[in-house]
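Participant: Prediction below, plus the sequence it came from.
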Amino acid sequence: MSRGEASGRFQLEADIFSWAVKFYAGESSANTHVRGISARVCLADAQMRELVIEFDPRDYPPQRPPSSGRLAARIQECTQQAIAAGWRPESRGKPFRFTAERLVDGK
């Protein structure tokens with residue numbers, strides 16, 4: 001996946017969401033040595049509360065970029081889980097952080 005293709009839209013029930021990759025696997029941060037892919041999700045065309053999904057670095061190693069379709073499906077699945085965990089996309093406030101479950105055998 002090229003870095004320019006790492007964004008998209010999807011629909012859950014009546015809401016349309018936009019997503020984009022914030023960080024790629026293997027990029028370092030101030031708090032850790034290596035981080036996985038991090039994606040942001042929000043209601044399309046609205047500046048409301050953002051969801052930040054953090055993936056384990058072992059799920060998407062830097063030498064093997066994820067396919068855009070698989071990553072998009074995973075982001076949609078994690079968005080549903082974040083809503084169930086309490087994220088309200090129409091609310092205001094600090095970004096809601098959600099840690100994705102680790103993939104088992106690449107699935």
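Facilitator: Yes, it's here. Numbers count the residues shown, from 1 in each chain.
Participant: Could you give the average pLDDT over the strand of greatest length in the chain?
Facilitator: Across the chain, the strand with the greatest residue count (assigned by DSSP state E) is strand 15-23. Averaging pLDDT along strand 15-23 yields 91.
Participant: which helices and strands sit right next to it?
Facilitator: Counting contacts by 3 or more CB pairs under 8 Å, 6 or more residues apart in numbering; DSSP states H and E, strand 15-23 packs against strand 7-12, strand 38-43, helix 68-84. C-beta: built from backbone N, CA, C; applies to glycine.
Participant: roughly how far is that strand from the heart of the chain?
Facilitator: Centre-to-centre, strand 15-23 and its host chain are 7 Å apart (CA atoms, centre = their mean, to the nearest Å).
Participant: That one pairs with which strands?
Facilitator: Paired neighbours of strand 15-23 in the sheet (DSSP bridges): strand 7-12 (antiparallel), strand 38-43 (antiparallel).
Participant: Go through these and pick out the most buried.
Facilitator: Of all those, strand 38-43 has the most neighbours on average by mean count of other CB atoms under 10 Å, namely a mean of 20.
Participant: Can you tell me the strand partners of the helix or strand that that strand is followed by and which way each runs?
Facilitator: Going down the chain from strand 38-43, the next helix or strand is strand 51-54, by DSSP states H and E. Strand 51-54 pairs in its sheet with strand 38-43 (antiparallel), strand 96-99 (parallel), by DSSP bridges.
Participant: could I have strand 51-54 exported to CSV, CA atoms only?
Facilitator: The C-alpha trace of strand 51-54 is given here as CSV (Å, rounded to 0.1, in the frame of the first residue of the first chain):
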residue,chain,number,x,y,z
LEU,A,51,-11.3,7.8,17.2
VAL,A,52,-7.7,6.7,17.2
ILE,A,53,-7.2,2.9,16.5
GLU,A,54,-3.8,1.5,17.4
